[in-house]
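>>> Sequence below, structure please.
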Amino acid sequence: MSRTRRIGTFIAAFVALGLPQAQAQAQDTSDCIDGAVTLPLLGGRGDSPILPATLDGKEIALYFSSAFDALYVGDMEGFETEDTHKTLTITTNRAHTRTRPVIRAGHLRLGSLDLQTPDMIRLDDYPIQHIGSRPLIGTIGSTFFDRLTLLLDMPHGVFALIHFRQDPVCSKAPSDFIGAGAQVMSLSGNDSIMAKIEGRDHEMTLDSDVPVTTLPAQWLSGSERNDTNPTIALYGALRTRLFRTTLSSFRIGDITLDGMSAYAQQDLGVGLLGVDFFQSHMVLFDYPNRKVYLLSARSQITRAGTGLHFDRIREGQTHVSERP
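This next block holds a predicted model:
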């Protein structure tokens, strides 16, 4: 969903909880950190990043994807909600627009991070999900964290928000933090980067919710698509066909992903770099400096996932039919 507006950043304080063990290699980085919050990623292999949170003291969970610009929620049954009498026009995949109501539903916290009572864009056609006893009420996007550096480390099951000092002596702190060998890329206003696919430059949104990297079908020739067994992607009530493809040439900077399996989608205006990429890469979003660092890493997650994603994919579907 595209960036439709800026929501205020509700950053009141940071509590130093210690850094992920994988980052201990940077000896002097801690001198440049004013504060940090770390959270474990819930879920298992193949699941989207899921963050533990509380809403008015009740334990909940939220998906995270930088492809979402705000806080989107689905069915809020069991929660008291307030109608703000506001609506917003949202855009899905840069192809479909619709108007949705804005609600509020209480005091939201991510660990020690107080997000106060934020606006939520309600999507009624998204059923509530659960992870354990926690209701998965929706997905939170990058707008809440645009003054911070965000670590999404799916290989080690860690999510961290870091406030680096913005002075010259700390200018290299983010790169020192993630470590040697990381690919640094410019980050667009839509949390997108440039990739070279089949020899051509294309824009890819970093979307840790989509299960499999997905490309606009018009980027590929007919010979590169397998149209015989389409899959159905579900964006609430919106259904769209996906087709399997294999990318003979796929580069992100110096990262080579040749031979990667992906989906092709007709009604898609930008490429989506999905969970299949994130589960083997540590990703550091340096929002104050509009950069992103990508570092290959072997996954340490052994628990099986259960296919948890805000937007869903159904394998084995061969047609789309309208409801009567």
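>>> and the gap between the spatially most central residue of the chain and Gln218?
When C-alpha atoms, centre = their mean is applied to the chain, the residue found nearest the centroid is Ser65 (1.6 Å). Relative to Gln218, Ser65 is positioned 24 Å away (C-beta to C-beta, to the nearest Å). (Each C-beta comes from the backbone N, C-alpha and C, glycine too.)
>>> I'd like to know how far the closest residue to the residue nearest to the centre of the chain other than its chain neighbours sits from His309.
Setting aside the residues directly before and after it, Ser65 is nearest to Asp209 in space (C-beta to C-beta, 6 or more residues apart in numbering), at 3.9 Å. Separation of Asp209 from His309 (C-beta to C-beta): 6 Å.
>>> Neighbouring strands of the helix or strand containing Thr84 in the sheet, and parallel or not?
Under the criterion of DSSP states H and E, Thr84 resides in strand 82-92. Strand pairing for strand 82-92, using DSSP bridges, gives strand 96-104 (antiparallel).
>>> would you put the C-alpha positions of the helix ranked longest in the chain in PDB?
Longest helix of the chain, by residue count under DSSP state H: helix 173-178. Output of helix 173-178 as PDB, limited to C-alpha atoms (Å, rounded to 0.1, in the frame of the first residue of the first chain):
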ATOM      1  CA  ALA A 173      27.700   3.900  12.900                       C
ATOM      2  CA  PRO A 174      24.900   2.100  10.900                       C
ATOM      3  CA  SER A 175      27.400   0.300   8.600                       C
ATOM      4  CA  ASP A 176      29.700  -0.600  11.500                       C
ATOM      5  CA  PHE A 177      26.600  -1.900  13.400                       C
ATOM      6  CA  ILE A 178      25.500  -4.400  10.700                       C
END
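>>> quick one on the thing from earlier: tell me how far the residue nearest to the centre of the chain lies from Gly259.
Distance of Ser65 to Gly259, computed by C-beta to C-beta: 25 Å.
>>> can you check Ser30 too?
Taking C-beta to C-beta, one finds Ser30 at 39 Å from Gly259.
>>> what about the strand holding Thr84, distance to the chain center?
21 Å (C-alpha atoms, centre = their mean, to the nearest Å).
>>> what pLDDT does Met35 get?
For residue 35 the amino acid is Gly, not Met. The model reports Gly35 with a pLDDT of 90.
>>> before we move on, back to that, out of Ser30 and Gly259, name the residue with the larger neighbour count.
Ser30 (15 against 10; other C-beta atoms under 10 Å).
>>> how about the more buried one, secondary structure?
Following DSSP: H, G, I helix; E, B strand; the rest coil, the label given to Ser30 is helix.
>>> Leu273 is in contact with Asn209, correct?
Rather than Asn, residue 209 is Asp. No: in this structure Asp209 lies outside contact range of Leu273 using C-beta atoms under 8 Å: 11.0 Å.
>>> Who has more neighbours out of these two?
Legend: neighbour count by other C-beta under 10 Å for Asp209 and Leu273, higher for Leu273 (26 against 23).
>>> Does the more buried one touch Leu206 like I think?
Yes: the criterion here is C-beta under 8 Å, and Leu273 meets it with Leu206 at 5.4 Å.
>>> shared neighbours of these two, which are they?
The contact sets of Leu273 and Leu206 overlap at Ile193 (C-beta atoms under 8 Å, 6 or more residues apart in numbering).
>>> Let me see the contact set for the closest residue to Phe145 other than its chain neighbours.
Nearest residue to Phe145, sequence neighbours excluded (C-beta to C-beta, 6+ apart): Leu161, at 5.9 Å. Leu161 makes contact with 14, 36-38, 110, 113, 145, 148-151 under the criterion C-beta under 8 Å, 6+ apart.
>>> in the sheet, who's paired with Leu161?
Under DSSP bridges, the beta-bridge partners of Leu161 are Val37, Leu150.
>>> what's the spacing between it and Asp31?
Leu161 is 18 Å from Asp31, by C-beta to C-beta.
>>> next one: Gly181
23 Å.
>>> Over to Leu273?
33 Å.
>>> Can you pull the domain assignment for the protein?
According to automatic domain parsing, the chain comprises the domains 21-178, 186-280+302-314.
>>> Would you mark the buried spots in stretch 100-115?
For stretch 100-115, the buried set under the neighbour-count rule, 16 or more other C-beta atoms under 10 Å, comprises 100-106, 108-111, 113, 115.
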